[in-house]
Structure formats: C-alpha cells, structure tokens
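Asker: Have a look at this fold, sequence not included:
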C-alpha cells in the first residue's frame, strides 16, 4: 500500500511498487494533464511537483512517493502559475500542445524561485523540456512576460 | 595423476591471497616493489583505474556539466552545474535522479541514483587531468574539501556515493574491483607515504 497526496487529496493505493507515478496519475487517478513523452526522463512532458519541486513522473516509482505531496497541472494554484498561463495564452505559445503541461510546470517552478530570470536562467531551467514543434522562442518570451506581470 | 594435479592446483588457488578482482589488483600485488615511494606511486596508479573510470569521472567534470555513459558523452538532456553543484535553479539533479537507480519501464536501461546525487565541486574536477595531477588534488585540503588523508581513506572505503560506482544499475559498467579493494589500496597508498605518480 502506498500512501500519498495528489492535488490536496489523500490516496492509499495497493499497486506494484515499481509502477511509475506517471502511470498511476494517468491510468489510476485519471489525471491526464500530465503527458507521457519518452519514458526515460529525456523530454520533460511528465513534469509534476513532488513536495514543491519539479520531478519527472516517468522515472519515479510509486514506492518512492510514499508520504509525498504531488501536484499535477490540474492542481496548480498561485500567482506564478496564473501569470504563466495568462502569458502562454496571450502569445499562443503552444502548437501541438503535447509538451506544454510539462513546460508550464517547469516555467512555474523557475518563477517561484527566480521571479525575474535572465535568458540564461530560463535556458538552463527549461533545458530538460523538449518541444517537438520548437516553440522555444515563444516559451522564453512568455516566461519573461509572466515575470513582468508578477513584478506588477 | 591428473586428478591429483587438479586438486593441488585448486588448493593452491584457494590458499593464495586475492591479488586481483575484476580488473583491479590488491595491495599484495605490489609488495615486491622494494622502494616505498615507488610502491606508493604504483599503488596510486592502481587506484587510478577506479578514479579515471567513467563511473567516477562523469561527475568530476572540470568545466560545465556532467558527462554520462561508458563513452562519457555530454549529459542528455543538457544540464548545468549551478551554484550548489546540484543543477540549475528549476532543474536540479533531483528533477530526474533519486536516491536509487531506477530501471526504465518502457525500454532497457536505467537512470542512475543515490542519496545525494550531485556533482563533485569544481576544485575536485578530474576530467582531462593526468593521474599525478589527480593525486595532488586528492591530497590538497584546499581542493579536497578540507579532508585529511584518513578522511580520504574513509571516503574511498565507506562513502555510499563512491560505492555506487560498483552498483551503477543496468546499462552501465561497474568500476573495476570492489569498494573494499579500493579502500585497501587507499590504505596501503597512505601507509607508504601517499606518493604521487610522476
């Protein structure tokens, strides 16, 4: 039995301890906002927050989640995620959209720690989030725009 | 007659000290070197088989981020050292790595992990250095994290992250020998004066 909290709700699940958290989120809890991209921590599409820090759910066995607080894109709340979502919509960042949940999670985590990041800080923090439509220029611009919104 | 010879050979093997273990020789293999300083340097050269193995070197870069794999390719995805040797803000090592190796579910291989997974500090960068330069760095408290030689021995013989090198998970070659033998070599190197190869 694994006990953990997802988006503020407690769960006790009797599940193979090697099952990736991503499988549990999507197949058991039906939280499909978090995407499968590569399964080997190369693309960032499955990024969630684990105890407040970004974490790739595809390489996180459910046994490792015991006692943890998980937040998915569906459960994100606060000024940073609101600013990021508004900025994303304002300049139409997504193209196919598959990676965007992970991009938004990583961008939000960055802004929570660095309110006004430089291009280099954005590039470093977002280097693990791949976009097959190559929307990187808009992603970076939207993060700057969100930072400007947060600064008021 | 053949059976007796086989038995004698087996007994000889059983009684002999372990001189080598999967690519690494133990301290006994150097006991016939009479000059102590020469023996000490030879012991460090043997330790160098571990120190310069990809399992160790990959996370001892001199500049930039880590390398990965047995062929020491640049880390993928690209990662950056960060101020705490723990990755960039927003993308720490712990974004992907955890306290243990995790096998991939969808293909062969694994992502390495150990508590705590992080880069060696810049002062302990070894990639591209000669064995003599690595030896001088290891002995220098100003660059080795303020460690005495005894603490270096403890680090080599008992540290869990060092020990990960012999248990690297599917898809990675372990460091030669064992951590126990690496610790024995380090002990013998220190006891013979901790000389560095020229």
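Answerer: That came in fine, so what should we check first? As the structure is a computational prediction, the values presented were derived from the model and not from experiment. Residues are numbered from 1 along each chain as shown, chains lettered A, B, ... in the order given.

Asker: what's the next secondary structure element after the lengthiest helix in chain B?
Answerer: Across chain B, the helix with the greatest residue count (assigned by DSSP state H) is helix B:36-51. Toward the C-terminus, helix B:36-51 is succeeded by helix B:54-57 as the next helix or strand (DSSP states H and E).

Asker: Find the centremost residue of chain A, please.
Answerer: Nearest to the geometric centre of chain A sits residue A:105, at 2.9 Å (C-alpha atoms, centre = their mean).

Asker: Quick check: that residue is in a helix.
Answerer: Yes. Under DSSP: H, G, I helix; E, B strand; the rest coil, residue A:105 sits within a helix.

Asker: For it, which non-adjacent residue is spatially closest?
Answerer: With sequence-adjacent residues excluded and distances taken as C-beta to C-beta, 6 or more residues apart in numbering or on different chains, residue A:105 is closest to residue A:47, at 4.2 Å. All C-beta spots, glycine's among them, are computed from the backbone N, C-alpha and C.

Asker: ok, what's across the strand from the one you found?
Answerer: residue A:56 (DSSP bridges).

Asker: ok, so what distance separates the residue of chain A found nearest chain B from residue B:90?
Answerer: The minimum distance from chain A to chain B, using C-beta to the nearest C-beta, falls at residue A:125 (3.1 Å). Taking C-beta to C-beta, to the nearest Å as the measure, residue A:125 falls 3 Å from residue B:90.

Asker: Following the record's annotation, map out the domains of chain A.
Answerer: A:2-75, A:79-151 (automatic domain parsing).

Asker: Residue B:171 is nearest to which of those?
Answerer: Closest of these to residue B:171 is domain A:2-75, at 10.6 Å (criterion: C-beta to C-beta).

Asker: Pull up the distance across that closest one, start to finish.
Answerer: With C-alpha to C-alpha, to the nearest Å as the measure, domain A:2-75 spans 20 Å from end to end.

Asker: quick one: it to chain centroid distance?
Answerer: 11 Å (C-alpha atoms, centre = their mean, to the nearest Å).

Asker: And the strands in the chain?
Answerer: If you meant another chain, say so; for now it's chain A. Counting by DSSP state E, chain A has strands at residues A:2-6, A:9-13, A:47-50, A:53-56, A:69-71.

Asker: think we crossed wires, I meant chain B
Answerer: Here chain B has its strands, by DSSP E, at B:20-21, B:24-25, B:67-68, B:73-74, B:87-88, B:91-92, B:102-103, B:110-111.

Asker: for the second one, packing partners?
Answerer: The criterion is 3 or more C-beta pairs under 8 Å, 6 or more residues apart in numbering or on different chains; DSSP states H and E, and the helices and strands that strand B:24-25 contacts are helix B:36-51, helix B:179-191.

Asker: quick one: which of those is nearest chain A?
Answerer: Nearest of these (C-beta to the nearest C-beta): helix B:179-191, 24.6 Å.

Asker: which stretches of the chain have low pLDDT?
Answerer: Using chain A. Chain A contains no residues with pLDDT under 70.

Asker: Let me rephrase: I mean chain B.
Answerer: Per-residue confidence for chain B (pLDDT under 70) gives these ranges: B:1-20.

Asker: OK, contacts around whichever residue of chain B sits closest to chain A?
Answerer: Nearest residue of chain B to chain A (C-beta to the nearest C-beta) works out as residue B:90 at 3.1 Å. Residues near residue B:90 by C-beta atoms under 8 Å, 6 or more residues apart in numbering or on different chains: A:54, A:106, A:109-110, A:113-114, A:121, A:124-126.
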